[in-house]
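>>> build me a model from this:
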Amino acid sequence: MDKAMSGRTLRREVHHGRVVACHTDRPADIADMFAQALARAPDAIALVDGEERWSYRELAARVTGCAARLTALGLRSGDRMAILMDNRADYMTLLLAMARLGIIGVPMNIRQRPPETAYALEDSGAAAIIYEESLTDELPQREALAHVRHWLTYEAERPLWEASAAPDPASVRSAVGEDDPFCILYTSGTTGQPKGAVLTHLGVITSCIGSQDHLTLRDGEVMILSVPASHVTGILLLLMLSIRVAGKLVMQRGFKACAFLDLAERERMSYAIMVPAMYKLCLMEPGFANAGLSSWRIGAFGGAPMAESTIAALAEQLPRLTLVNIYGATETTSPAVMMPLGECAAHPDKVGRPLPYCDIVIMDDEGRQVAPGEQGEIWIGGAMTVPRYWNKPEESVKALIGGYWKSGDIATMDEQGYIRLLDRKKDMINRGGFKIYSVEIENTLMAHEDVAEAVVIRRPCPVLGERVEAFVVARCEVQGEDLRSFCAARLSDYKVPDHIYVVEGPLPRNANGKLLKSAVRQWLPPLA
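Numbering: from 1, shown residues only. Okay, here's the model as predicted:
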């Protein structure tokens, strides 16, 4: 056994044929994690959704009623149930009820189109789907999906949960193993068909404990769900993490910076996780400097380093706020790497260090670990790494090797364990033999005060092999040549984009908010 940095004891265990580090003191499953929160804080507010405010005791009654209703519908442990709903308090009700029964959730983004929904329903073999009435026109044809036994509208189901509450919660509880699937999350599918990553109860609990410890979260933290509840970030780092710390989760449907700041002030928000662009939008709000945000202690952000100008502006405006970079993926049940608290400004080009139970190696194309500081692909192992993709054994074998998930991200890791994320393997640009990582140029462009969004892509070139092209969305009128000069003062000459096109926003994104570079490439004008 060994001690994690938090002081928790870790031990090696076998799960899904892999030897992984696990917390010795952990809930048995997600339903048990909720039961522990309920026991600690039955009368504390668990969820806020508009004018509705539910205590943990009230939430527990709803979960029991929902579980009773799902049981009455004939849904059993191992069945899959899709959720096509916006950020609502009852998203939590559904996830907890299904976890109690061993029903596997299939969360879906409300922005996805009927073919995407049909694919996920077919691939997962879902027995049921619950959806909001406003999304009826976005559903696929039922005739082709005969295995979906129940098409349920949220508006019709909600009152039934209140009427179905069983007198004994134990009567609607199934035996659930911690290695059992909790949910299936379909990856964004920027290339080819999406894959259903299988998140387990153990993986979710491992990530919740690790996030709680690293972020120093305490019971009663106040969080705002401003990212989609259907995304791994929303599920893990907000919905489930709020349960882990018996916290208060405030729902926001559709991020608007002004509304977010109003909620944060009213509810005394203490922790949030957003993408860097959302922080920048908050800073751009005229009332930001006067917003009552004194309770905001932890500000997490994901994927890539935040622009140094944004970090500096937040430090000036909110000196009590600690920013934390987080790197992870659906396949790692979100966080695998976090920046040590208080070190974001000192390491602006890094995403952090591996969490104590996370095993990361940087590998070359031949499957050999590279030396510290050398570039390679990030491979991630641990109890939080998914064991497989649903219904895709060949894809699972290809992406998961020896218990490690091959991320497709190029990075370096120094001797102290700090990871510098360079680019997606498929997005690296080779310009005349020089390797260029688009994320570095994108971060440089985002540091310009007039740039709201930026994307860098490659263009085939008969002379140099590939050239660098960029598209930006600006806050005000700015010229591409001025932005090229801005880059030239900060980047090697071969990294400066050959052209920078200023376009009206927003940049194209898929249902999970991931930038679609394939769509951006269609914007390139013909070569002169």
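>>> what is the lengthiest helix in the chain packed up against?
Determined from DSSP state H, the single longest helix within the chain is helix 56-72. Other elements packing on helix 56-72 under the criterion 3 or more Cβ pairs under 8 Å, 6 or more residues apart in numbering; DSSP states H and E are helix 30-40, strand 45-49, helix 89-101, helix 154-163. Where you see a C-beta, it was placed from the backbone N, CA and C, and this is true even at glycine.
>>> mind running it again at 10 Å?
For helix 56-72, the packing partners by 3 or more Cβ pairs under 10 Å, 6 or more residues apart in numbering; DSSP states H and E come out as helix 30-40, strand 45-49, strand 52-55, helix 89-101, strand 128-131, strand 150-153, helix 154-163.
>>> for residue 15, give me its contacts.
Going by Cβ atoms under 10 Å, 6 or more residues apart in numbering, residue 15 touches 22, 178, 179, 200, 202, 203, 206, 382, 383, 385, 387, 403.
>>> settle this for me: the third one is touching residue 199, isn't it.
Put plainly, it is residue 179. No - look at residue 179 against residue 199 with Cβ atoms under 10 Å: they stay out of range, at 11.4 Å.
>>> looking at those two, which one has more neighbours?
Remark: of residue 179 and residue 199, residue 199 carries more neighbours, 28 against 14, as counted by other Cβ atoms under 10 Å.
>>> can I assume the more buried one sits in a strand?
Yes - the assignment for residue 199 by DSSP: H, G, I helix; E, B strand; the rest coil puts it in a strand.
>>> what's near enough to touch residue 331?
185, 187, 195, 197-199, 203, 232, 380, 384-386, 389, 399-400, 405-407.
>>> circling back: indicate which one of the helices and strands packed on helix 56-72 is closest to residue 215.
helix 30-40 (16.8 Å; Cβ to Cβ).
>>> in this protein, which residue is most central in space?
The centroid of the chain falls nearest to residue 233 when counting by Cα atoms, centre = their mean (2.6 Å).
>>> now the strands for the stretch 401-528 of the chain?
404-413, 419-424, 429-431, 434-436, 451-461, 465-474, 499-503 (DSSP state E, counting those that start in this stretch).
>>> now render those as CSV, adding mean neighbour count, distance to residue 364 and mean pLDDT.
Formatted as CSV, these follow (neighbours: other Cβ atoms under 10 Å; distance: least, Cβ to Cβ, whole Å; pLDDT from 0 to 100):
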stretch, mean neighbour count, distance to residue 364, mean pLDDT
strand 404-413, 21, 11, 93
strand 419-424, 21, 14, 84
strand 429-431, 17, 17, 83
strand 434-436, 17, 14, 78
strand 451-461, 20, 22, 90
strand 465-474, 21, 21, 92
strand 499-503, 17, 33, 96
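>>> now those strands as a markdown table including distance to residue 98?
What follows is the strands of the stretch 401-528 of the chain, written out as a markdown table (distance: least, Cβ to Cβ, whole Å):
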| stretch | distance to residue 98 |
| --- | --- |
| strand 404-413 | 25 |
| strand 419-424 | 33 |
| strand 429-431 | 44 |
| strand 434-436 | 45 |
| strand 451-461 | 36 |
| strand 465-474 | 39 |
| strand 499-503 | 42 |
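>>> joint contacts of residue 179 and residue 199?
Counting by Cβ under 10 Å, 6+ apart, the residues touching both residue 179 and residue 199 are residue 387.
>>> what's downstream of the one helix or strand in the chain whose mean pLDDT sits lowest, the next helix or strand?
Least confident helix or strand of the chain, by mean pLDDT, DSSP states H and E, is strand 2-3 with a mean of 72. For strand 2-3, the following helix or strand on the C-terminal side (DSSP states H and E) is strand 9-15.
>>> moving C-terminal from that following strand, which element do we reach first?
Counting by DSSP H and E, what follows strand 9-15 is strand 18-23.
>>> next, the angle from that following strand to strand 404-413.
70 degrees (axes from the mean of the first three to the mean of the last three Cα atoms, to 10 degrees).
>>> how near is residue 409 to residue 363?
11 Å (Cβ to Cβ, to the nearest Å).
>>> mind listing the shared neighbours of those two?
376, 377, 378, 379.
>>> what sits against the last one?
For residue 379, the contact set (Cβ under 10 Å, 6+ apart) comprises 359-363, 367, 369, 385, 400-407, 409.
>>> and for the second one?
Remark: with contacts taken as Cβ under 10 Å, 6+ apart, residue 377 is in contact with 361-365, 367, 370, 406-411, 425.
>>> A helix includes it, no?
No - counting by three-state DSSP, residue 377 is located in no helix; its state is strand.
>>> what's the spacing between it and residue 44?
44 Å.
>>> what does the last one give?
Distance, residue 379 to residue 44, using Cβ to Cβ: 40 Å.
>>> just the third one next, same as before
Applying Cβ to Cβ, the value for residue 378 to residue 44 is 38 Å.
>>> and the two? Which one has more around it.
Taking other Cβ under 10 Å, residue 378 and residue 44 do not tie; residue 378 has more neighbours (29 against 16).
>>> what sits opposite the more buried one in the beta ladder?
Following DSSP bridges, residue 378 is listed with bridge partners residue 362.
>>> all further residue positions should be reported with the first residue as 307.
Taking 307 as the first residue, the last one we looked at is residue 684.
>>> now do the same contact list for it.
Contacts of residue 684 by Cβ under 10 Å, 6+ apart are 633, 635, 638, 642-643, 657, 660, 666-669, 710-719, 725, 727-728, 731.
>>> which residues in the stretch 457-606 of the chain form strands?
Going by DSSP E, counting those that start in this stretch, the stretch 457-606 of the chain shows strands at 487-492, 502-506, 528-531, 554-557, 577-580, 604-608.
>>> in JSON lines: the ones you listed, plus distance to residue 571 and mean pLDDT.
Shown next, in JSON lines, are those (distance: least, Cβ to Cβ, whole Å; pLDDT from 0 to 100):
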{"stretch": "strand 487-492", "distance to residue 571": "32", "mean pLDDT": "97"}
{"stretch": "strand 502-506", "distance to residue 571": "33", "mean pLDDT": "97"}
{"stretch": "strand 528-531", "distance to residue 571": "11", "mean pLDDT": "98"}
{"stretch": "strand 554-557", "distance to residue 571": "11", "mean pLDDT": "98"}
{"stretch": "strand 577-580", "distance to residue 571": "13", "mean pLDDT": "96"}
{"stretch": "strand 604-608", "distance to residue 571": "15", "mean pLDDT": "93"}
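>>> quick check: residue 682 touching residue 714?
No - the pair residue 682 / residue 714 is not scored as a contact, 11.7 Å apart, by Cβ under 10 Å.
>>> before we move on, back to that, count the neighbours of the closest residue to the residue nearest to the centre of the chain other than its chain neighbours for me.
Spatially, and ignoring its direct neighbours in sequence, residue 539 is nearest to residue 533 (5.2 Å; Cβ to Cβ, 6 or more residues apart in numbering). Look at residue 533: counted by other Cβ under 10 Å, it has 24 neighbours.
>>> now do residue 593
Neighbour tally, residue 593, other Cβ under 10 Å: 11.
>>> give the contact list for it.
Shown in contact with residue 593 (Cβ under 10 Å, 6+ apart): 563, 564, 567, 568, 571.
>>> what distance do you get for it to residue 564?
Taking Cβ to Cβ, one finds residue 593 at 7 Å from residue 564.
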